[in-house]
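> Requesting a structural model of the entry that follows:
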Amino acid sequence: MSIKVTNVHKTYRQAGNILHVLKGVSFEIAEGEILGLVGPSGAGKSTLLHILGGLDKPTQGEVEFFGQNMYALSDERRAKLRNEQIGFVFQFYHLLPELTALENVILPALVKNNSRKTGAIELDGVKLLEQVGLGGRVTHRPSQLSGGEQQRVAIARALMNGPKVVLCDEPTGNLDSASGAMVMDILLGLNARAKQTVVIVTHDEKIARRVGRVINIRDGGIER
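Next comes the predicted model:
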């Protein structure tokens, strides 16, 4: 089991009111599984994904990451786990505009505290860009890349530290259908080759049909 979610709630206070975004969500994700979290906008999908990735603490409940209670860790240890074992792919890429494609990709490895030389890290970054079909775009900056190309750079960046889990929040939501299909091909191929656990948040039924299992989220809970 890669991730186990038990009775997770998430509430926010807004203008004196309490907004109950997640309402007692429980499920498990098998190691190497590709899972879709599907539902309408505002259902709580992205909030749940952020909780799975250690970005947002639940108000109540537990998230076990390979047997370890993620939110029992200190902030520092959780940040270390996030950097080394979880890759993130977001709808809007979040690439640094002043950096090249390669520099964006290798950033997580440079942040990670290790003794690897920069040259070796750069070689790995080039290989990842080649895997996503961007071997010829290594020195290009985000402004010189299409949306689909930027998302592929973001996928390569997510894989830089060899994560156990890759979490994708609407990874095709900002792309045309052809670019979106290519991004899904890359994610499915990654899952098939490396057996990494992949979780994809989407409201697109065509994307949902391509994953192994779907959990439907509606009004903060799992739709049975």
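
> Distance-wise, check the residue most central in space within the chain relative to residue 47.
The centroid of the chain falls nearest to residue 167 when counting by CA atoms, centre = their mean (2.2 Å). As for residue 167, its distance to residue 47 is 12 Å (criterion: CB to CB, to the nearest Å). (C-beta placed from N, C-alpha, C; glycine too.)

> One more: residue 75?
According to CB to CB, residue 75 and residue 47 sit 19 Å apart.

> Which one's more surrounded, the two?
Neighbours per residue, other CB atoms under 10 Å: of residue 75 and residue 47, the larger number sits with residue 47, 22 against 9.

> Next up, the contacts around the more buried one.
10, 21, 22, 56 (CB atoms under 8 Å, 6 or more residues apart in numbering).

> And residue 221, by the same measure?
By CB under 8 Å, 6+ apart, the contact set of residue 221 is 22, 23, 24, 25, 44.

> try residue 20
Contacts for residue 20 (CB under 8 Å, 6+ apart) come out as 9, 10, 11, 220.

> Pick the one among the residues you listed closest to residue 195.
Here the nearest of these to residue 195, counting by CB to CB, is residue 10; it sits at 29.9 Å.

> partner strands of the helix or strand encompassing that closest one, parallel or antiparallel?
Taking DSSP states H and E as the criterion, residue 10 maps to strand 3-14. With DSSP bridges as the test, strand 3-14 is paired with strand 17-29 (antiparallel), strand 60-65 (antiparallel).

> mind listing what's buried in it?
Within strand 3-14, the residues scored as buried using 16 or more other CB atoms under 10 Å are 3, 4, 5, 6, 8, 10.

> can those go into JSON lines with extra columns for pLDDT and distance to residue 120?
Output for the buried residues of strand 3-14, formatted as JSON lines (pLDDT from 0 to 100; distance: CB to CB, whole Å):
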{"residue": "3", "pLDDT": "96", "distance to residue 120": "31"}
{"residue": "4", "pLDDT": "96", "distance to residue 120": "35"}
{"residue": "5", "pLDDT": "97", "distance to residue 120": "36"}
{"residue": "6", "pLDDT": "97", "distance to residue 120": "40"}
{"residue": "8", "pLDDT": "97", "distance to residue 120": "39"}
{"residue": "10", "pLDDT": "96", "distance to residue 120": "40"}
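
> Closest one of these to residue 182?
Among those, and counting by CB to CB, the member closest to residue 182 is residue 3, at 26.9 Å.

> Return the distance of the residue located most distally from the centre of the chain relative to residue 2.
If you look at how far each residue of the chain sits from its centre, by CA atoms, centre = their mean, the farthest one is residue 16, at 31.9 Å. To residue 2, residue 16 is 39 Å away according to CB to CB.

> what do you get for residue 146?
For residue 146, the distance to residue 2 equals 33 Å [CB to CB].

> More neighbours: the two, which one.
Between residue 146 and residue 2, counting by other CB under 10 Å, residue 2 is the more crowded of the two (21 against 12).
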